[in-house]
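Trainee: With the sequence up front, the predicted model follows.
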Amino acid sequence: RLRGGVWNQEKGDKVEILDAKTREKLCFLDKVEPQATIAEIKNLFTKTHPQWYPARQSLRLDPKGKSLKDEDVLQKLPVGTTATLYFRDLGAQISWVTVFLTEYAGPLFIYLLFYFRVPFIYGHKYDFTSSRHTVVHLACICHSFHYIKRLLETLFVHRFSHGTMPLRNIFKNCTYYWGFAAWMAYYINHPLYTPPTYGAQQVKLALAIFVICQLGNFSIHMALRDLRPAGSKTRKIPYPTKNPFTWLFLLVSCPNYTYEVGSWIGFAIMTQCLPVALFSLVGFTQMTIWAKGKHRSYLKEFRDYPPLRMPIIPFLL
Amino acid sequence: WNPSFSPVHPFTVLPKHSWLPQYRFTFSTSCQQANTQKLTHRICVSLWAPTHVVPHPCISYSSVQSEDSVLLFVIAWTITEIIRYSFYTFSLLNHLPYLIKWARYTLFIVLYPMGVSGELLTIYAALPFVRQAGLYSISLPNKYNFSFDYYAFLILIMISYIPIFPQLYFHMIHQRRKILSHTEEHKKFE
């Protein structure tokens, strides 16, 4: 095409893909649309290398650089007439939805095995017996409600930025959730379980904390969902809405994690069970790491981010 | 007989980071080594000490047993540590005699299995005592609805040696191949 009197070749007509580690030429694409997105290039690459489906491809401009996003347009990238992209295999991938459903269905089912005192867990004389403590029945309802809520949110509420995660994560995550669920459930439903020291008062207070935090956590999930239109990956600063539970956004970047920790503290006080307290502690540690990361990316992305907010605990952490 | 643990063993806890520039240790393997030894020392000493302090007639023969196995791992690890820390010291001074490097990457072939056998035998010998005394164990019912069986925990630890020890051992063998052949090549060019 003639442009300003000079023959000018359209940018990005050709794309070559090299292995990021060995620099081996893996693929050469001719006549690529300049308006093509990275997602489309990934699809073209899969045609020549079917074992590397798009979800496990990481394409970047520099072998050690950051991955390019699926939405990035070839023409807008700083490349010459032949774009050189480096490929890294992310390994087998599994969808977030699959991982979440599996890791949450496990605890729901496992806890019930202990609650109903299925054979071979406790002594045979206890098979299929029921606890005489009200708090044990209450705990089962709370625990089951919590995981049913999580399953429903995974199916109907959450809008995921990433489609997939590495396959090994499902083994790691399920070991964590299922392992702790079994450990907690074993003690709470044990024939020798000791109810809380301060009796019904303690149980009522703890139950109130649990319920409030569950409602809070759900409100935050809904508020976050409403920030993002269906099918998009946009990111916006979350703000408090009319729902009082969302007012925690004034003080904290990730109130969903704050409420989640609160729920488990409530459950720990209600059951007065050390394994529950340990589970809450481990969960709190992990969620704090995530909250700090999220807080940092908010600060990096938005100049006008509210300065009063802390990542997970108001004023403290 | 009271083996003097103090001079060499506190160093076991020192994490080995990449402040040794030319020697890149996999942090997790070093951690495993340090943690395994530290933990094992604690377990073995805590098991071994009571069997000596409390001369119970039924276990007096097993305390002799544990003494032999304790001797085994203490000798193995003491020699290992002395060589290893000499290695680090000389490396930092930039004057590493080849003998020390060779010793570090060769003697482990015998010393590691010695040390591990000593540890395992000690734990095994102490098991009946742990069962009898209910050492470090909590049972139900109690206020915090928690229980811990030290006996079962020790069995799990013994089982964990099966995956962990080969990893450490073959890592060292791999390192040996890399580092000692590297020196050979250097010598050729001198």
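Mentor: All right, it came through fine.
Trainee: pLDDT of the longest helix seen in chain B, averaged?
Mentor: Scanning chain B for the longest helix, with DSSP state H as the assignment, gives helix B:150-189. For helix B:150-189, the mean per-residue pLDDT is 87.
Trainee: now for it, which elements pack on it?
Mentor: Contact partners of helix B:150-189 among helices and strands, from 3 or more Cβ pairs under 8 Å, 6 or more residues apart in numbering or on different chains; DSSP states H and E: helix B:27-53, helix B:98-106, helix B:108-133. Every C-beta, even on glycine, is put in place using the N, C-alpha and C of the backbone.
Trainee: Quick check: which ranges of the stretch 201-317 of chain A have low pLDDT?
Mentor: Under the criterion of pLDDT under 70, none of the stretch 201-317 of chain A is flagged as low confidence.
Trainee: Please work out the residue of the stretch 51-200 of chain A nearest to chain B and name it.
Mentor: For the stretch 51-200 of chain A, the nearest residue to chain B under the criterion Cβ to the nearest Cβ is residue A:192, separated by 4.0 Å.
Trainee: Where does that residue sit, in terms of helix or strand?
Mentor: For residue A:192, there is no enclosing helix or strand under DSSP states H and E.
Trainee: how much space is there between it and residue A:133?
Mentor: Distance of residue A:192 to residue A:133, given as Cβ to Cβ, to the nearest Å: 11 Å.
Trainee: the more surrounded of the two?
Mentor: Between residue A:192 and residue A:133, counted using other Cβ atoms under 10 Å in any protein chain shown, the more crowded position is residue A:133 (16 against 13).
Trainee: from memory that one sits against residue A:193, does it?
Mentor: Yes. Between residue A:133 and residue A:193 a contact is recorded at 6.6 Å, counting by Cβ atoms under 8 Å.
Trainee: how about the residue of the stretch 51-200 of chain A closest to chain B, what does it touch?
Mentor: Contact analysis of residue A:192 by Cβ atoms under 8 Å, 6 or more residues apart in numbering or on different chains lists B:140-141.
Trainee: What's the local residue count around residue B:97?
Mentor: Applying other Cβ under 10 Å, we find 11 other residues in the vicinity of residue B:97.
Trainee: what's the closest non-adjacent residue to it?
Mentor: residue B:90 (6.6 Å; Cβ to Cβ, 6 or more residues apart in numbering or on different chains).
Trainee: Is that neighbour within a helix or a strand, and which one?
Mentor: Element membership for residue B:90, per DSSP H and E: helix B:60-92.
Trainee: Summarise which helices and strands that helix is packed against.
Mentor: Secondary structure elements in contact with helix B:60-92, counted by 3+ Cβ pairs under 8 Å, 6+ apart, are helix B:27-53, helix B:98-106, helix B:108-133.
Trainee: now the angle from the last one to helix B:150-189?
Mentor: If I follow you right, that is helix B:108-133. Counting by axes from the mean of the first three to the mean of the last three Cα atoms, to 10 degrees, helix B:108-133 lies at 170 degrees to helix B:150-189.
Trainee: relative to helix B:98-106, how tilted is helix B:108-133?
Mentor: Angle between the axes of helix B:108-133 and helix B:98-106 is 50 degrees (criterion: the same axes, to 10 degrees).
Trainee: which parts of helix B:108-133 are buried?
Mentor: Buried residues in helix B:108-133, defined by neighbour count with 16 or more other Cβ atoms under 10 Å in any protein chain shown: B:108, B:111-112, B:114-116, B:118-127, B:129-130.
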